[in-house]
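# what follows is a predicted protein model with its sequence.
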Amino acid sequence: MHIETFFIHIWQQLSWQEWIAVIFAIISVLCARANSIWVYPTGIVGILFSISLFVEERNKLYPDAALNLYYLVMSIYGWYMWSRKDADQKPQEPISWASRKEYVFAIALFVVLWAGLYFWLKHYRINNVPGLDSFSSAMAATGMWLLARRKIENWLALLVADAVDIPMFYIKKLYLFCGLNIFYVIIAWLGFLAWKKIYHKQMIVATSDFLQHAEQI
């Protein structure tokens with residue numbers, strides 16, 4: 001009986017904004033795993049509804065709202081980057097591992113965001129989960145930048161961010177988002193494995209093209 005009451009309580013806490021945000025977020029992450037550009041238009045819909053939910057008085061997840069504004073900007077940037085084609089109509093931003101320079105930038109971005117967000121949340125007592133919120137927000141922002149540049153490491157950054165978000169959303173009684181992040185963790189790992197396979201196929205094709213070109217010369 002207690003279990004039934006628990007699930008009824010969870011169901012009553014859900015809002016239509018949360019349902020729409022979650023549905024489009026799921027579609028978006030599945031598109032990302034499939035290396036489809038539809039990750040961005042579907043993701044933008046989920047982002048807009050997430051922002052409306054996070055700024056509500058009962059949640060006060062302002063860093064997450066601000067993070068989603070960053071997601072919005074990065075989604076537009078990523079959409080542009082993924083849309084670019086070379087002379088052979090192949091993506092100018094193929095899947096690849098991050099370079100040393102990109103690692104340095106990603107680490108710097110994470111550290112600056114984490115420190116800044118933690119100070120803001122702690123100093124102004126914006127919510128009761130400053131450690132979890134600042135860490136996951138900074139890690140997710142870093143992962144979003146890596147995703148826009150089609151770097152395989154984006155999945156590892158997002159996996160860590162999503163895992164940290166699970167207890168945070170549970171504390172905030174955003175149960176659908178809590179379940180969504182459990183799903184995200186699974187998809188992030190599957191996406192990491194899928195993108196590694198795509199990368200290896202790209203290398204095989206590139207090597208084959210190089211050898212054919214060398215033989216013609």
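Perfect, I can see it now.

# for the host helix or strand of Tyr103, name the packing helices and strands.
For Tyr103, the host element (DSSP states H and E) is helix 100-124. Under the contact criterion of 3 or more Cβ pairs under 8 Å, 6 or more residues apart in numbering; DSSP states H and E, helix 100-124 touches helix 62-83, helix 130-148. To be clear about C-beta, it is placed using only N, CA and C from the backbone, and glycine gets the same treatment.

# by how many degrees do it and helix 62-83 diverge?
Angle, helix 100-124 to helix 62-83, by axes from the mean of the first three to the mean of the last three Cα atoms, to 10 degrees: 160 degrees.

# quick one: mean pLDDT for helix 100-124?
Helix 100-124 carries an average pLDDT of 91.

# report how many residues lie close to the residue nearest to Glu18 when sequence neighbours are not counted.
Closest residue to Glu18 apart from its sequence neighbours, by Cβ to Cβ, 6 or more residues apart in numbering: Leu176 at 4.9 Å. Around Leu176 there are 19 other residues, counting by other Cβ atoms under 10 Å.

# and Leu176, how far from Phe169?
Look at Leu176 and Phe169: by Cβ to Cβ, to the nearest Å, they are 9 Å apart.

# about what we covered before: Ser50: which of the helices and strands packed on helix 100-124 is closest?
When the helices and strands packed on helix 100-124 are compared by Cβ to Cβ, helix 62-83 sits nearest Ser50, at 5.1 Å.

# check which helices and strands that closest one sits against.
Counting by 3+ Cβ pairs under 8 Å, 6+ apart, the packing neighbours recorded for helix 62-83 are helix 39-54, helix 100-124, helix 130-148.

# okay if I get these as TSV plus mean neighbour count and distance to Trp189?
Listed next are these as TSV, based on neighbours: other Cβ atoms under 10 Å; distance: least, Cβ to Cβ, whole Å:
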stretch	mean neighbour count	distance to Trp189
helix 39-54	20	17
helix 100-124	14	19
helix 130-148	23	13
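
# mind putting these into JSON lines with distance to Trp195?
Listed next are the helices and strands packed on helix 62-83 as JSON lines, based on distance: least, Cβ to Cβ, whole Å:
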{"stretch": "helix 39-54", "distance to Trp195": "12"}
{"stretch": "helix 100-124", "distance to Trp195": "15"}
{"stretch": "helix 130-148", "distance to Trp195": "10"}
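
# between these, which one is closest to Met81.
Among the helices and strands packed on helix 62-83, helix 130-148 comes nearest to Met81, with 5.6 Å by Cβ to Cβ.

# local confidence estimate at Ile37?
In this model, Ile37 is scored at 91, pLDDT.

# give me the distance between it and Leu69.
21 Å.

# again with Lys101
Using Cβ to Cβ, Lys101 is found at 26 Å from Leu69.

# could you list every helix and strand in contact with the host helix or strand of the residue nearest to Glu18?
Taking DSSP H and E as the definition, one finds Leu176 inside helix 175-216. Other helices and strands packing on helix 175-216, by 3+ Cβ pairs under 8 Å, 6+ apart, are helix 16-33, helix 154-171.

# I appreciate the help and will end here.
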